[in-house]
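Novice: This is a predicted model, with the sequence first.
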Amino acid sequence: MIFTEPRFLLFFAVVFTAYWALDSRRAQKVLLLAASYTFYAAWDWRFLSLILASTLIDYTAALRIEAQGERPERDGRRRAWLLLSLAANLGMLGFFKYFGFFVDSALELGAAAGVDLRRPTLEIVLPVGISFYTFQTMSYTIDVYRRVLAPRRSLLDVALFVAFFPQLVAGPIVRAREFLPQLGSRVPFASIAVRPLLLLFLAGFVKKACISDNVATVVDPFFADPAAFTAASAWLAIVLYSVQIYCDFSGYSDMAIATAGLLGLDLGRNFDFPYLARSVREFWQRWHISLSTWLRDYLYIPLGGNRGRWLRTVRNLFLTMTLGGLWHGAAWRFVLWGALHGAGLAAHREVHRALDRRRPLLGVAPAILLTFVWTTLLWIFFRATDLDSAFTIFESVLLLSSPGSIEIAPVWWGLFAALAAVHVLAYLGLGRRLAELPAWAFGAAYGAAAALTLLFVRIEARPFIYFQF
């Protein structure tokens, strides 16, 4: 089920009504778990076994880690249970997501060395959302091992944490120490901020169904055959892809956060106007916040963070972002995308370390523009079908040279400018004021906006981009 499909809206309406009709907190949690498994089974019921396996392994591992107590002689056992959890989760992720990537890389390496290797006939289907719920459940056992979280005795609570349907297949990546405490006492419906959540859901719906899906009709043909387009059209296409991926992914996050909020559960914030960032560092503080903070806390800091010599810090940044790129996709273009972001973060850090950090290097507008251009150029690696195609696009946009003759209508530049203006107005808080209208005015405005939205929705719903990760 996709959030923008009518069947999801019907599904959620049933879950929402039944959830708030129940007086028992345990009954509410049982309902949410059943709904979550049903939601995931709508994609492919066979892969529910992976979610169940992750749940049982990490539930058991967390309890066994705690059972060892704080005696130093049992640290080895605690570490063994943690390693079991990590090996199981990363093993499943590695097999289903990266088996083909490593096999293909080995075949290419063998061919370069003059060795003829045969490709295995095994065909593996990537389970939707496996990257998200794997990182999520790993954080549970790691936090228990670090003694920053007590393990949950309730298997129901742990299972719901792993499988909660709003963020199951594309995030945000929720931490156990933030989510599990919310499963305690029953939350009264009167405490739910319904209006802001309804506005957030509608905003996410518009981003995905009205903007991203329509922009895709221009972006997809370009990336299918970039050499057929002019250099000016190449620039327009990559700018529009920046719009598409932001609206697609932040749209999903908005709808997931709103859906969870209407059920009394807070998933946190996952995007904070990243295209208004004034540096690469600030961009990653605003883009996919749940992943960037996960990489910081569970990879960058354990590697040493910014402690020690500058070369070690640069290495840690580079390695963290490179692995973050690999998390996004099993292809070298994703690895290169992450590595270049790591290089950008390291360069930004060194420039600011060498100069007076109290003085901005550029004005606000030039800094925002420069950061947007940098991230937009790197999206080429993210979206291109392969590295050869990516380099073809770079040749077009950097050398302003292309053999193609197809033009993308310049009116799309006008649409981009209009969307940028709306983005700035949203940043200034225009949307929040709508929630303060009288009840009748809010209902009428919301209904009219929803009806207007339907005029721009494409008949066939497109999967969210991050479903493939």
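Specialist: Cool, the structure landed.
Novice: ok, F99 touching L126?
Specialist: No: the pair F99 / L126 is not scored as a contact, 10.0 Å apart, by C-beta atoms under 8 Å. All C-beta atoms are positioned from the backbone trio N, CA, C, and that covers glycine.
Novice: ok, how many other residues are close to the residue lying closest to A384 once chain neighbours are set aside?
Specialist: Nearest residue to A384 in three dimensions, chain neighbours excluded: A390, at 3.8 Å (C-beta to C-beta, 6 or more residues apart in numbering). Residues near A390, counting by other C-beta atoms under 10 Å, number 20.
Novice: what about D297, how many residues close to it?
Specialist: The burial count for D297: 16, using other C-beta under 10 Å.
Novice: Quick check, pLDDT for G429.
Specialist: Here, the pLDDT recorded for G429 equals 77.
Novice: I misspoke; the intended subject was G94.
Specialist: 87.
Novice: Could you pull up phi and psi at it?
Specialist: phi -60, psi -40 (degrees, to the nearest 10).
Novice: Tell me how far it lies from D23.
Specialist: As judged by C-beta to C-beta, to the nearest Å, G94 and D23 stand 44 Å apart.
Novice: For stretch 145-160, buried residues please.
Specialist: Y145, L149, P151, R152, D157, V158, A159, L160 (16 or more other C-beta atoms under 10 Å).
Novice: Any idea how far stretch 409-425 is from the middle of the chain?
Specialist: The chain centroid and the centroid of stretch 409-425 are separated by 24 Å under C-alpha atoms, centre = their mean, to the nearest Å.
Novice: Now do the buried residues in that stretch.
Specialist: The neighbour-count check on stretch 409-425 (16+ other C-beta under 10 Å) flags W412, L415, F416, L419, H423 as buried.
Novice: same thing with stretch 458-469?
Specialist: Within stretch 458-469, the residues that count as buried by 16+ other C-beta under 10 Å are A461, R462, F464, I465, Y466, F467, F469.
Novice: how about the nearest residue to L399, chain neighbours excluded?
Specialist: Using C-beta to C-beta, 6+ apart, the nearest residue to L399 is A231, at 7.8 Å.
Novice: Quick one: residues contacting the one you found.
Specialist: Neighbouring residues of A231 by C-beta atoms under 8 Å, 6 or more residues apart in numbering: S396, V397, L399, L400, S401, S402.
Novice: Please repeat the previous calculation with a cut-off of 7 Å.
Specialist: Neighbouring residues of A231 by C-beta atoms under 7 Å, 6 or more residues apart in numbering: S396, V397, L400, S401, S402.
Novice: thinking again about what came up before, more neighbours: G94 and D23, which one.
Specialist: Neighbour count, other C-beta under 10 Å: between G94 and D23, G94 has more, with 15 against 8.
Novice: Name the next helix or strand following the top helix by length along the chain along the chain.
Specialist: As assigned by DSSP state H, the longest helix anywhere in the chain is helix 231-262. Beyond helix 231-262 on the C-terminal side, the first helix or strand identified by DSSP states H and E is helix 280-286.
Novice: still on that earlier bit, who's in contact with the residue nearest to A384?
Specialist: Applying C-beta under 7 Å, 6+ apart to A390 gives the contacts R333, I380, F381, A384.
Novice: I'd like to know how far F39 sits from V128.
Specialist: According to C-beta to C-beta, F39 and V128 sit 11 Å apart.
Novice: Is it correct that I406 is in contact with A232?
Specialist: No: using C-beta atoms under 7 Å, I406 is not in contact with A232; the gap is 10.7 Å.
Novice: so where is the stretch 251-400 of the chain shaky, pLDDT-wise?
Specialist: 354-362 (pLDDT under 70).
Novice: just checking, which of the buried residues of stretch 409-425 belong to strands?
Specialist: Per DSSP state E, strands hold no members of these.
Novice: Just flag the most distant two among those.
Specialist: Greatest spatial distance in these: W412 and H423, 15.9 Å, computed using C-beta to C-beta.
Novice: which other helices and strands contact the helix or strand harbouring G344?
Specialist: Under the criterion DSSP H and E, the helix or strand holding G344 is helix 332-354. Based on contacts counted as 3 or more C-beta pairs under 7 Å, 6 or more residues apart in numbering; DSSP states H and E, the elements that helix 332-354 packs against are helix 280-286, helix 310-328, helix 364-383, helix 387-399.
Novice: rerun at 6 Å
Specialist: The helices and strands touching helix 332-354, judged by 3 or more C-beta pairs under 6 Å, 6 or more residues apart in numbering; DSSP states H and E, are helix 280-286, helix 310-328, helix 364-383.
Novice: okay, those helices in TSV with mean neighbour count and distance to R195 next?
Specialist: Output for these, formatted as TSV (neighbours: other C-beta atoms under 10 Å; distance: least, C-beta to C-beta, whole Å):
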stretch	mean neighbour count	distance to R195
helix 280-286	19	25
helix 310-328	19	35
helix 364-383	17	31
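Novice: Between those helices, which one is closest to D58.
Specialist: Closest among those, using C-beta to C-beta: helix 310-328, at 18.7 Å.
Novice: contacting residues around the closest one?
Specialist: Residues outside helix 310-328 that contact it (C-beta atoms under 6 Å, 6 or more residues apart in numbering): 131, 295, 299-300, 303-304, 306, 334-335, 337-339, 341-342, 345-346, 469.
Novice: what residues are up against W81?
Specialist: For W81, the contact set (C-beta under 6 Å, 6+ apart) comprises A61, R64, I65.
Novice: Tell me the one of the buried residues of stretch 458-469 nearest T217?
Specialist: Using C-beta to C-beta, the buried residues of stretch 458-469 come closest to T217 at R462, 9.9 Å.
Novice: quick one: the closest residue to that closest one other than its chain neighbours and R333, what's the gap?
Specialist: In this structure, R462 finds its nearest non-sequential neighbour in D213, 5.0 Å apart by C-beta to C-beta, 6+ apart. Distance, D213 to R333, using C-beta to C-beta: 24 Å.
Novice: And I245, by the same measure?
Specialist: I245 is 14 Å from R333, by C-beta to C-beta.
Novice: out of everything not next to it in sequence, what's closest to S389?
Specialist: Using C-beta to C-beta, 6+ apart, the nearest residue to S389 is P226, at 6.0 Å.
Novice: Since that was my last question, I'll sign off now.
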